[in-house]
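*Asks:* coords please:
(one chain, ligands or ions: 1)
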Amino acid sequence: MSVRKAVYPGSFDPITNGHLDIVQRAKGLVDEVYIALFLNPTKHPLFTIKERIDILQTLFKADPAVKVVSFEGLIVDFCREHEIFTIIRGLRAVSDFDYEFQMALTNRKLNDRIDSVFLMTDTKYSYLSSTIIKQISRFNGDVGDFVPAIVEDALKRKMKHE
Ligand code: ADP
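*Replies:* Modelled structure (predicted):
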């Protein structure tokens, strides 16, 4: 039987417990989840691509069902290259919907073999975003409940040198 694959694209700047929850749940739907760090030209990241990839690789090194990759370009091209037909995205609130709807329709227009699958956030992560985490960290707030320890440490180091 062929391996069922999906890609979970994002900026992951940095990855939060909300993202991790989506990855775990996506693993229940397919055999392999590609976490793909995409360059979003409209965002100015705090962490470099290498820093984000290092964090993701450390988090998932013991998990054969998760592959960590980075990609510059169109997600449909990434999907074509890896023979992936499912894009996973998370939805937190209605405010996420407009953008996600537009992206999903655009991607289907570019390749109609690709479907986007939306996983509703767990209520305990519904308010969590990478942006909020960065804001709390900038003011030395405690992000221990919101991100894995490796991200908490990386944020502390980063803020010292900002
Ligand atoms: P992007 O720049 O593509 O929006 P993000 O890293 O901000 O990348 O988010 C990647 C995906 O994860 C998006 O689909 C986003 O809606 C989803 N996501 C982010 N935070 C959460 C959360 N707390 N719960 C569920 N989904 C989330």
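
*Asks:* Could you give the average pLDDT over the top helix by length along the chain?
*Replies:* When the chain is parsed with DSSP state H, its longest helix is helix 94-110. Helix 94-110 comes out with an average pLDDT of 93.

*Asks:* Show me what it is packed against.
*Replies:* helix 75-82, strand 86-91, strand 115-120 (3 or more C-beta pairs under 8 Å, 6 or more residues apart in numbering; DSSP states H and E). (Glycine included, C-beta is placed from N, CA and C.)

*Asks:* packing partners for the first one?
*Replies:* Same thing as helix 75-82. Using 3+ C-beta pairs under 8 Å, 6+ apart: helix 75-82 touches strand 5-10, strand 32-38, helix 94-110.

*Asks:* Work out the gap between the first one and the centre of the chain.
*Replies:* Which is strand 5-10. Its chain's C-alpha centre and that of strand 5-10 lie 8 Å apart, by C-alpha atoms, centre = their mean, to the nearest Å.

*Asks:* Tell me the residues of this protein that contact the ligand?
*Replies:* Counting by C-beta under 6 Å from any ligand atom, the positions of the chain adjacent to the ligand are 10-12, 16, 18-19, 22, 40, 43, 89-90, 92, 96, 121, 125, 128-130.

*Asks:* Deepest in the core, which of the helices and strands packed on helix 94-110 is it.
*Replies:* Comparing these by mean neighbour count (mean count of other C-beta atoms under 10 Å), strand 86-91 ranks first with a mean of 20.

*Asks:* and it, how far from the chain's centre?
*Replies:* 9 Å.

*Asks:* Look at the residue lying closest to residue 68 once chain neighbours are set aside and tell me its secondary structure.
*Replies:* Counting by C-beta to C-beta, 6 or more residues apart in numbering, residue 68 lies nearest to residue 56, which is 4.3 Å off, once chain neighbours are set aside. The assignment at residue 56 comes out as helix when based on DSSP: H, G, I helix; E, B strand; the rest coil.

*Asks:* rewinding a little: just put the helices and strands packed on helix 75-82 in a markdown table and tack on mean neighbour count.
*Replies:* Supplementary listing: the helices and strands packed on helix 75-82 in a markdown table, determined by neighbours: other C-beta atoms under 10 Å:
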| stretch | mean neighbour count |
| --- | --- |
| strand 5-10 | 21 |
| strand 32-38 | 22 |
| helix 94-110 | 12 |
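
*Asks:* can the ones you listed go into CSV with extra columns for distance to residue 152?
*Replies:* Converted to CSV, the helices and strands packed on helix 75-82 look like this (distance: least, C-beta to C-beta, whole Å):
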stretch, distance to residue 152
strand 5-10, 19
strand 32-38, 19
helix 94-110, 25
